[in-house]
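Engineer: The following block contains a protein sequence and its predicted model.
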Amino acid sequence: MESTDTLRKLKEQAETNALKRLQYEFSTPDQLEQIEQHILRNEKTKNMIESQLKSAIQSHFISVNSCMDQLKEINGNIKEVKNTIYSIQEEYKTISHLENTLGELRKEANKHKQLKSAKENVQNILNVKDLAKKAEQYIDDNNLLLAHKCLFDMEKCKNDILEELGNPSDKNHNIDDIKLVEEFFKKVKQLQDILHSNIFLIIKRMLEVSKSYPNQLVTALRIISREEALDEYWTKKKEETGFSPSDRPKRWKDECKETIRQTIETKIQGCWVDERDTNEKWFSNNLARINSRFLDDLEIVKRLCEPCFPPSYKIFEFYVENIINSISNHFHLLLDSNQLKDREFYILLSWSEAYKSKDFLGNPKFNIDLNKLPNILDDDHYKLALDRYLEYTNSNIKVWFQNTLTKNYNEWLTNKEPLLIDGCYESNIPNDLYSMLFQQFTFTDLIKDDRFFKEFVKYILSNLNIFHESLRGKLFDFKTCNSKPNEPSNEIITRMIASSNDCLRLKSSILELRDRFDTFMDKDEIGGPNDKYELLGSKMTNLSELCLDLIIEEMIKCLDEQYFKVLLSREWLTNNQICDTIINTSTDFMQDLRYLRPVSQLKFLIKWHNRIKVEYMKGFFQNLSITKMLRKCQFTDPQERRLFTSKVEKEVAYLEDWFKRMATTLPDNKNAFDFESLRLMNKIVSSDDLDFLYVEIASLVKKCPNMTSEMLFGLLSLRGDVSRSEYKEKFEDCIKSEGPTTSSKTGHKETRVDAAITILKKELKIQ
């Protein structure tokens, strides 16, 4: 019933699929014309499928018939085997009592077998005692090769007898026979043990033996080779017959190598004499002892032992490998048990690289391929040692930097005159830091590990950044301690001169260390935005310039109230000594500032020239509504304006000449000083034609694109003939039209002029 329903469902599904296919195939009129072709094609397909189905069914039936025939044949065979087993069982019942009857016969057969074996080996058996005496005498005479020959003959006799007795796994094997043979040849085993002890004593002392009695070493190795050949013989024999002596294989070659390995391990333990409690340099002394001891050993192995050993041993390579492995295991133990601390981690890391140097394994006479040597420390222990050393180094450098700064700061407070080096004031800070950093970089360079070096550099630069901030703080602390109201402090000026030079020396030292040691940096990165050395150097440069700013603050104290604050006022207009005093005071200070480095002298002069420009600009902008300056005046009278502008022009020329004279011997001093902005402001004040004033203002705005509209009006207010409404109507557009277009085109000079405008805007809090 179920099969009928299944066939019906399949038929319905086939009809449904056929209908869908017809709808798809004949959905358009032109496809209806191809109905005949589709019918013929489907008929062919149907016939082909039916043919394949018939062929498959026929093949299946043939296979089924063949399987049935085979099953019938197997069934017959099973019945035949069953009948045979049954008949055997019945016959065995009739003869089972013979087992007891033949027991005596079995004993006689075993006895006969023993006698037969004894008869065949009677000559050797009779000679065993004589051979044993000879072997013992040969051993006493240190004639080990002949002793081994006697033992070989006795062992051969013993093994032949045991082989005649049969395979120990055989049920008929008599254990008593084996005990009898073992007891008889007991002396052979004792002599073999004595020979073994003598041979491996020679192997253990092979370095000393090779120097005095190389023939003994060769004899021992020849005996080991013979034993290896016997091991190989009995291994093959066991595969063929199932029999092998109980003491085979002896594996004396493996034991020889293990003895050498243990000897190396013992020597390393022997080199580890000093302890931390008794000697601070215990670790380095022990390593030096290992280095010296094994350097001598390797020379003996290479020169004397290698000719004695068979080439297959590769004894020199084996000795080197085991030295490295033994030292490595010892180092791992020291790290795992936390026996190392502080600088000992560096000694360990540097030695793990230095062992390949010419002072040890890299010695040319050894001719070792250093690229094939394994690392002394595995990855985990190497990382552990690196991390521990980095922690120690970071902590040590941090403390050392802080102590260095504290020591030098205390010296500053004594007002001791700085060191005079190459005509410039300096402190001990640059030399102390460079010596310390050079030593640390040198240590690190010996390790030759890129990950470690990068981590080390990160710690160094981080601590140098902290040192930079601390130094900056100490400079301000010193300034606070020594500052005097309304009077410049010579102590501050002297210290800032030395500190400015120190910062430049520190920058050059940092970059020198980078160029000398940091081989991991790409050449394209040097000097780029990702160059951390350069970034730190820039900070040092900025700190050097901060020292110059602090010097300027001290200089201003003796000029601010009486001179700078009256510039371009009516009092100034009638006093011809103000500019002379400013220049004379500046000249006096330059006597001290000659101890600055030349590049800093030029930077100072540029900063001072900007400072003076700012003070003159304050005079030009004295009528700004947002300022609280006491001087506020206007020069409405044309004659008075001409007197004002003439004096300004004269003083600007005087100042410009002074700055050029001060910078005559300094490098890169061309176009360093630019008073053009003051001249342009002066022209605006001096102009008699208000209509032409627009051109002068446009030139000033191009020169100072960051000038504000309020500042321009304050400048025009100095004339006294331009109202705010007139300014907005005629001149305010200059700022809007000229400022934005010129700001992107400002050249080198304009940038420096802008510095003065920027300083002024910052002081007057103009946005």
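Structural biologist: Yep, it's here.
Engineer: what's the offset of the top helix by length along the chain from the middle of its chain?
Structural biologist: When the chain is parsed with DSSP state H, its longest helix is helix 35-95. Relative to its parent chain, helix 35-95 has a centroid offset of 72 Å by CA atoms, centre = their mean, to the nearest Å.
Engineer: Determine the set of other helices and strands touching it.
Structural biologist: Here helix 35-95 touches no other helix or strand, going by 3 or more CB pairs under 8 Å, 6 or more residues apart in numbering; DSSP states H and E. For the C-beta atoms, the positions are set from N, CA and C on the backbone; glycine is no exception.
Engineer: how about the helices in the stretch 201-350 of the chain?
Structural biologist: Counting by DSSP state H, counting those that start in this stretch, the stretch 201-350 of the chain has helices at residues 206-212, 214-241, 252-271, 282-300, 306-308, 315-336, 344-354.
Engineer: Leu146 is nearest to which of the ones you listed?
Structural biologist: Closest to Leu146 of these is helix 214-241 (CB to CB; 9.8 Å).
Engineer: Mind checking the pLDDT average for the closest one?
Structural biologist: The average pLDDT within helix 214-241 is 82.
Engineer: ok, now stretch 722-731?
Structural biologist: The model assigns stretch 722-731 a mean pLDDT of 80.
Engineer: just stretch 446-456 next, same as before
Structural biologist: Averaged over stretch 446-456, pLDDT sits at 75.
Engineer: Report the distance from it to the chain centre.
Structural biologist: 5 Å.
Engineer: buried residues in it?
Structural biologist: 447, 449, 452-453, 455-456 (16 or more other CB atoms under 10 Å).
Engineer: Report the contact partners of the most centrally placed residue in the chain.
Structural biologist: Nearest to the mean C-alpha position of the chain, by CA atoms, centre = their mean, lies Arg451 at 0.6 Å. By CB atoms under 8 Å, 6 or more residues apart in numbering, the contact set of Arg451 is Leu386.
Engineer: any idea how far it is from Leu384?
Structural biologist: 13 Å (CB to CB, to the nearest Å).
Engineer: Ok, Lys670 next?
Structural biologist: Here Lys670 is placed at a distance of 59 Å from Leu384 (CB to CB).
Engineer: same thing with Asn47?
Structural biologist: Going from Asn47 to Leu384 by CB to CB gives 81 Å.
Engineer: of those two, who's got more company?
Structural biologist: Comparing Asn47 with Leu384 by other CB atoms under 10 Å, the one with more neighbours is Leu384, at 17 against 10.
Engineer: ok, and the more buried one, which helix or strand is that part of?
Structural biologist: helix 379-413 (DSSP states H and E).
Engineer: repeat for Phe360
Structural biologist: Using DSSP H and E, Phe360 maps to neither a helix nor a strand.
Engineer: So for it, what's the pLDDT?
Structural biologist: Note on Phe360: pLDDT of 80.
Engineer: same deal with the one 5 residues further on?
Structural biologist: Per-residue confidence for Lys365 comes out at a pLDDT of 80.
Engineer: give the contact list for it.
Structural biologist: If a contact means CB under 8 Å, 6+ apart, then Lys365 has 299, 302 as its contacts.
Engineer: same check, this time on Thr393
Structural biologist: Thr393 makes contacts with 346, 440, 456, 459, as judged by CB under 8 Å, 6+ apart.
Engineer: Show the buried residues in these.
Structural biologist: With burial judged by 16+ other CB under 10 Å, the buried subset of these is 346, 440, 456, 459.
Engineer: Quick check: which ranges of the stretch 401-550 of the chain have low pLDDT?
Structural biologist: Along the stretch 401-550 of the chain, the parts satisfying pLDDT under 70 run over 448-449, 524.
Engineer: comparing the helices of the stretch 201-350 of the chain, which gets the lowest mean pLDDT score?
Structural biologist: Note on the helices of the stretch 201-350 of the chain: lowest mean pLDDT is at helix 344-354, with a mean of 76.
Engineer: and for that helix, what are the contacting residues?
Structural biologist: 283-284, 287, 331, 334-335, 340, 360, 375-377, 382, 385-386, 388-389, 392-393, 443, 446-449, 452.
Engineer: Any of those residues buried? List them.
Structural biologist: Buried members of the contacts of helix 344-354, counted by 16+ other CB under 10 Å: 283-284, 287, 331, 334-335, 340, 360, 376-377, 382, 385-386, 388-389, 392-393, 443, 447, 449, 452.
Engineer: What is the burial count for the closest residue to Ile223 other than its chain neighbours?
Structural biologist: Excluding the flanking residues, the one nearest Ile223 by CB to CB, 6 or more residues apart in numbering is His148, at 4.9 Å. A total of 25 residues lie near His148 under the criterion other CB under 10 Å.
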